[in-house]
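Q: Show me how the following folds:
(one chain, ligands or ions: 1)
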Amino acid sequence: MPVIEVSDLRKSYGDKKAVDGVSFGVEDGEIFGILGPNGAGKTTTVECVEGLRRPDGGSVRVAGYDPVADRDAVTRILGAQLQESELQPKITAGEALELYAACYPDPADWRDLAERLGLTEKLGTRFAKLSGGQKQRLSIALALVGNPRIVVLDELTTGLDPRARRDTWRIVEDIRDRGVTVLLVTHFMEEAQHLCDRIALIDQGRITALDTPAGLIGRTASSTAISFMPSVPLETRLLADLPAVGSVAEQDGRIVAHGTDETVHALLSLLTGQGVTAHQLRITEASLDDAYLDLTGTDR
Ligand SMILES: Nc1ncnc2c1ncn2[C@@H]1O[C@H](COP(=O)(O)OP(=O)(O)OP(=O)(O)O)[C@@H](O)[C@H]1O
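A: Below you'll find the model as predicted:
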């Protein structure tokens with residue numbers, strides 16, 4: 001049974017329909033991603049899950065509780081990342097953790113949590129003096145200090161360098177491995193592809209696709225790109241008749257065709273038959289990026 005159930009959720013701000021009939025279920029122990037362009041309604045959706053916004057229509061249940069009516073029960077089982085502005089610049093990392101731990105009936109050992117998140121050295125440092133990555137790790141620690149069953153992470157790696165982003169991914173995987181369900185809002189395809197068990201793609205307040213990362217990629221029309229330099233000039237028209245071929249283009253002597261596995265096999269036989277060698281042959285699978293562009297029709 002899903003630990004989070006959202007059905008036909010609706011929320012408007014004045015005339016603006018921010019969330020327009022969103023439904024999904026998050027299973028216990030999974031990392032569920034919400035992905036979509038700016039203004040798609042991601043934050044509004046998770047704020048309804050957190051009980052920070054009252055839906056106009058539809059229903060949200062977190063472990064069976066209504067996040068607005070049963071706010072206290074939901075607060076005990078759901079940890080949310082704080083916005084940066086919610087912490088006083090002069091509070092130290094250790095003071096913040098101790099203060100937040102005191103708010104919960106069964107808190108985690110905050111020193112142990114700080115250790116796991118690599119913050120032990122920074123416990124005496126004021127919040128304003130922490131780096132971007134350290135602030136993010138502290139906000140994750142604060143989301144976990146109440147020992148939640150579910151944690152909501154919104155844009156957790158925005159502004160981090162690639163190494164800090166990878167470190168944060170490991171932390172999220174560690175959280176999941178400890179049995180915590182993760183609801184993750186992200187803009188980053190690579191992050192969603194790497195971390196999420198399933199992803200809901202949201203666009204203009206509606207879910208346009210909900211699947212595993214591999215499932216979403218499989219939905220793209222041309223999931224494989226094949227590119228090579230033919231040993232002798234080759235008429236691209238020959239390639240246009242290949243099975244399942246999407247597009248064929250030539251630039252500076254390099255041919256790029258999009259298609260499926262079937263296209264790759266047929267292309268290699270065709271080249272062999274023609275006595276053409278494919279130099280610098282590259283076969284690349286579509287990424288979640290390609291699937292995203294295909295499924296949302298958005299050019300970011
Ligand atoms: N408090 C508010 N008042 C009025 N309009 C709002 C408010 N919050 C969000 N909106 C509007 O509702 C829509 C959805 O916003 P939301 O923040 O949920 O999207 P998002 O997908 O999280 O976007 P982003 O990726 O940019 O954070 C946007 O058009 C936004 O401008």
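
Q: Can you list the neighbours in contact with stretch 256-263?
A: 222-227, 239, 242-250, 267 (Cβ atoms under 8 Å, 6 or more residues apart in numbering). All C-beta atoms are positioned from the backbone trio N, CA, C, and that covers glycine.

Q: List only those of these flagged as buried.
A: Among the contacts of stretch 256-263, those buried by neighbour count (16 or more other Cβ atoms under 10 Å) are 222-227, 239, 242, 244-246, 248, 267.

Q: Okay, and which of the contacts of stretch 256-263 map to helices?
A: Within these, residues falling in helices by DSSP state H are 239, 267.

Q: wait, what's in contact with residue 225?
A: So residue 225 contacts 256-258, 282-284, 286 (Cβ under 8 Å, 6+ apart).

Q: Most neighbours of all these, which one?
A: Counting neighbours by other Cβ atoms under 10 Å, the top entry in those is residue 257, with 23 neighbours.

Q: Okay, and it sits in which element?
A: strand 254-259 (DSSP states H and E).

Q: Enumerate the sheet neighbours of that strand, specifying parallel or antiparallel for every one.
A: strand 224-230 (antiparallel), strand 247-251 (antiparallel) (DSSP bridges).

Q: end to end, how far does stretch 37-53 reach?
A: By Cα to Cα, to the nearest Å, the extent of stretch 37-53 from end to end equals 21 Å.

Q: Centre of the chain to that stretch, how far?
A: Distance, stretch centre to chain centre, for stretch 37-53: 14 Å (Cα atoms, centre = their mean, to the nearest Å).

Q: swap in stretch 203-220?
A: 12 Å.

Q: If we go by neighbour counts, what in it is buried?
A: Applying a neighbour-count criterion of 16+ other Cβ under 10 Å, one finds 203-211, 213, 216-217, 220 buried in stretch 203-220.

Q: Please list the members of these that lie in helices.
A: Taking DSSP H, the ones among these that sit in helices are 213, 216-217.

Q: For this protein, what lies in contact range of the ligand?
A: Taking Cβ under 6 Å from any ligand atom as the criterion, the neighbours of the ligand within the chain are 13, 16, 18, 36, 38-44.

Q: Give the ChimeraX command for selecting the buried subset of those residues.
A: Buried residues within the residues of the chain next to the ligand, by 16+ other Cβ under 10 Å, are selected in ChimeraX with:
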select :18,36,40,41,42,43,44
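
Q: And the furthest pair within the residues of the chain next to the ligand?
A: Farthest apart among these by Cβ to Cβ are 13 and 36. That separation is 16.9 Å.

Q: so how many other residues sit close to the nearest residue to residue 253 once chain neighbours are set aside?
A: In space, not counting the residues next to it along the chain, residue 253 is nearest to residue 229; the distance is 5.6 Å by Cβ to Cβ, 6 or more residues apart in numbering. Residues lying near residue 229 (other Cβ under 10 Å) number 14.

Q: Return the residues in contact with residue 229.
A: 253-255, 278-280.

Q: so it bridges to which residues?
A: Residues in a beta bridge with residue 229, per DSSP bridges, are residue 279.

Q: what separates it from the ligand, distance-wise?
A: Distance, residue 229 to the ligand, using Cβ to the nearest ligand atom, to the nearest Å: 40 Å.

Q: do the same with residue 245
A: Counting by Cβ to the nearest ligand atom - residue 245 and the ligand are separated by 35 Å.

Q: got it, and residue 233?
A: In terms of Cβ to the nearest ligand atom, residue 233 sits 47 Å off from the ligand.

Q: Please, which helix or strand holds that residue?
A: Residue 233 belongs to no helix or strand when elements are defined using DSSP H and E.

Q: where does it fall, phi/psi-wise?
A: phi -50, psi 140 (degrees, to the nearest 10).

Q: Tell me where the stretch 1-150 of the chain is predicted with low confidence.
A: Scanning the stretch 1-150 of the chain for pLDDT under 70 picks out 83-85.
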